[in-house]
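Peer 1: Prediction below, plus the sequence it came from.
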Amino acid sequence: MKQNNDYETLIAYVLEKSNNFQMTEEEYRYISSFLGDKNFLVFGTGHDTPLWRYSNRQGHTLFLENDSRWIDKNDSDVILVNYSTKCSQYKVLLEEYHNDNFENLKMDLPNEVTNTKWDCIFVDSPVGTKDNKPGRMQSIFTASMLAHKDTDVFVHDTDREVEDLYSTTMFNQTIRQLTKLRHLRK
């Protein structure tokens, strides 16, 4: 996919590649409306990566990806990360969180991530569809730790129990709920 395509071409490409299975067009357009010249952190890469790069082309976009198959050797804006959790652990991890024990939710991230003041954060990774998959507990926790009061945080797949529970627990304010996308603030 060429990086010089216009927004409408990129949106059509993403919707076609995902067979409308990932996000809805409304959800893509909603997040894009906040971008342009922002510091934008994205948990996950995929067919929509060129869309996010284009939508925030005057800003700084950084992707955190745990599956090396989604990382091209020329992707200087993608950091390979590791998740140490499994979906099946979500209740225990949440109990630890409520007891101020964050050790198992912390991620090892480079300074470029932890020292940047993020304007927008999008959590769409890692895979959280089965008990043996990492789940999004660490990515939602990390987004909550990196966010400040004005950071727009978007969590996808909030129709699932983990994403719903963690996003409402770790953020104070729901700005808007779209189909499966939740817009949050601290």
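Peer 2: That came through, no problem. Residues are numbered from 1 along each chain as shown.
Peer 1: I'd assumed T61 was in contact with T49.
Peer 2: No - counting by C-beta atoms under 8 Å, T49 sits too far from T61 to count as a contact (9.1 Å). Just so you know, the C-beta spots here come from the backbone N, C-alpha and C atoms, and that holds for glycine as well.
Peer 1: Please name every helix or strand in contact with the helix or strand of the chain with the lowest mean pLDDT.
Peer 2: Lowest mean confidence among the helices and strands of the chain (mean pLDDT, DSSP states H and E): helix 7-17, at a mean of 92. Secondary-structure packing of helix 7-17 (3 or more C-beta pairs under 8 Å, 6 or more residues apart in numbering; DSSP states H and E): helix 25-32, helix 49-55.
Peer 1: Between helix 25-32 and that helix, find me the angle.
Peer 2: 130 degrees (axes from the mean of the first three to the mean of the last three C-alpha atoms, to 10 degrees).
Peer 1: Show me the contact partners of helix 7-17.
Peer 2: 1, 5, 22, 25, 28-29, 32, 47-48, 50-51, 54-55 (C-beta atoms under 8 Å, 6 or more residues apart in numbering).
Peer 1: Output those residues in a markdown table, with neighbour count and pLDDT appended to each entry.
Peer 2: Shown next, in a markdown table, are the contacts of helix 7-17 (neighbours: other C-beta atoms under 10 Å; pLDDT from 0 to 100):
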| residue | neighbour count | pLDDT |
| --- | --- | --- |
| M1 | 14 | 41 |
| N5 | 15 | 63 |
| Q22 | 18 | 82 |
| E25 | 12 | 94 |
| Y28 | 22 | 96 |
| R29 | 14 | 97 |
| S32 | 17 | 98 |
| H47 | 16 | 91 |
| D48 | 24 | 94 |
| P50 | 19 | 95 |
| L51 | 23 | 96 |
| Y54 | 20 | 97 |
| S55 | 24 | 97 |
